[in-house]
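Chemist: coords please:
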Amino acid sequence: MNRLKAYIVGILLLISASQATAQMRWNQAYQTYINQYKDLAIEQMLRYHIPASITLAQGLFESAAGRSDLVRQGNNHFGIKCHNWTGPTQYHDDDARGECFRVYQDARESYEDHSKFLARQPRYARLFQLSQQDYKGWAHGLKQCGYATNPQYAPKLIQLIELYKLYDYDKAKRYDRFMAEHSGTDQPINAQGLLHPIHRFNDNYYLVAREGDTFKSLSKEVDISWRKLARYNERDKHDVLHKGDIIYLKKKRKKAPKQYKKRPHVVQAGESMYNIAQKYGIRIESLYKMNKLMPSYQIRIGDKLRVR
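Modeler: Residues are numbered from 1 along each chain as shown. This is a model prediction of the structure:
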């Protein structure tokens with residue numbers, strides 16, 4: 001009878017595991033988290049030799065892609081409990097009720113502490129003998145060393161790594177310092193606790209405004225003065241922002257990227273010289289000069305404009 005029960009339990013666990021695997025699908029929120037923190041994970045990998053794929057997968061799994069209470073209330077991306085922690089704390093139900101978790105100033109401090117937590121504890125020492133590209137060995141090793149109690153912890157990490165191709169980051173030799181700095185220190189300004197994803201284009205960085213954003217509110221998130229943000233985007237600091245507005249985080253360039261050298265922009269209905277300049281990440285003055293136009297010129301649908 002006991003053997004029969006054990007067999008049935010084993011079958012149920014296998015079914016549960018297979019269902020969990022089948023249910024994992026690509027998710028935009030997860031991809032946004034990866035885009036936001038990949039450079040911070042690579043930075044940590046180059047310093048501490050922990051695969052960036054593992055760091056990102058743990059961050060995704062432990063924080064629900066940055067949306068967990070641990071992150072929103074304490075910037076804790078990895079579910080690290082207090083142990084010998086002497087810093088600020090927060091309390092949440094986990095394996096037991098009201099467990100103590102660490103609180104961090106920002107995501108960078110959380111990522112840094114995660115690296116030190118693994119690198120400085122003897123029980124994880126054997127993981128650092130593995131190849132930096134052996135994400136499967138690291139995933140199983142973390143579970144075996146007691147990082148998590150979830151029996152599906154290692155398979156879940158591996159599924160995330162393979163679904164989002166996080167293993168590609170384990171080969172990185174460099175990272176984007178601007179992205180690492182801002183993803184690590186930016187603080188969400190909305191009630192949902194979600195950062196604006198930062199994108200890279202034309203040797204610059206930009207975000208897309210949401211409903212209710214202002215230069216002043218965005219400046220608090222990206223730690224750039226609202227006057228500079230407005231100036232970079234050739235606008236007045238008191239201008240009303242609209243959902244979908246492109247907001248650059250550095251001074252725009254004079255020309256569009258090289259791929260637009262012989263590809264003029266064809267003016268569409270509703271476009272202005274300003275939003276065309278924003279689309280290509282160039283200064284509006286440069287757009288007029290390239291096309292030998294006066295600022296008073298009114299563009300028309302079908303006009304072809306050089307952008308490089």
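Chemist: Would you point out which residue is most central in the chain?
Modeler: Gln36 (1.6 Å; C-alpha atoms, centre = their mean).
Chemist: contacting residues around that one?
Modeler: 66, 183, 195, 197-198 (C-beta atoms under 8 Å, 6 or more residues apart in numbering). Placement of C-beta: from N, CA and C, glycine included.
Chemist: So which residues of the chain form strands?
Modeler: Under the criterion DSSP state E, the chain contains strands at 89-92, 99-102, 199-201, 204-208, 246-248, 265-266, 304-305.
Chemist: Please work out which residues outside the first one touch it.
Modeler: When contacts are taken as C-beta under 8 Å, 6+ apart, the neighbours of strand 89-92 outside the stretch itself are 69-70, 73-74, 76, 82, 98-103.
Chemist: Please repeat the previous calculation with a cut-off of 7 Å.
Modeler: Here strand 89-92 makes contact (C-beta atoms under 7 Å, 6 or more residues apart in numbering) with 69-70, 73-74, 82, 98-103.
Chemist: Make a markdown table out of those and add distance to Glu43, pLDDT and neighbour count.
Modeler: Below are the contacts of strand 89-92 laid out as a markdown table (distance: C-beta to C-beta, whole Å; pLDDT from 0 to 100; neighbours: other C-beta atoms under 10 Å):
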| residue | distance to Glu43 | pLDDT | neighbour count |
| --- | --- | --- | --- |
| Asp69 | 26 | 93 | 14 |
| Leu70 | 22 | 95 | 24 |
| Gln73 | 25 | 92 | 14 |
| Gly74 | 22 | 94 | 20 |
| Cys82 | 26 | 95 | 15 |
| Gly98 | 34 | 92 | 8 |
| Glu99 | 29 | 94 | 14 |
| Cys100 | 28 | 96 | 14 |
| Phe101 | 24 | 97 | 20 |
| Arg102 | 20 | 97 | 25 |
| Val103 | 22 | 97 | 18 |
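Chemist: Just the closest of those residues to Val240, please.
Modeler: Nearest to Val240 among the contacts of strand 89-92: Gln73, at 31.7 Å, using C-beta to C-beta.
Chemist: All set now, cheers.
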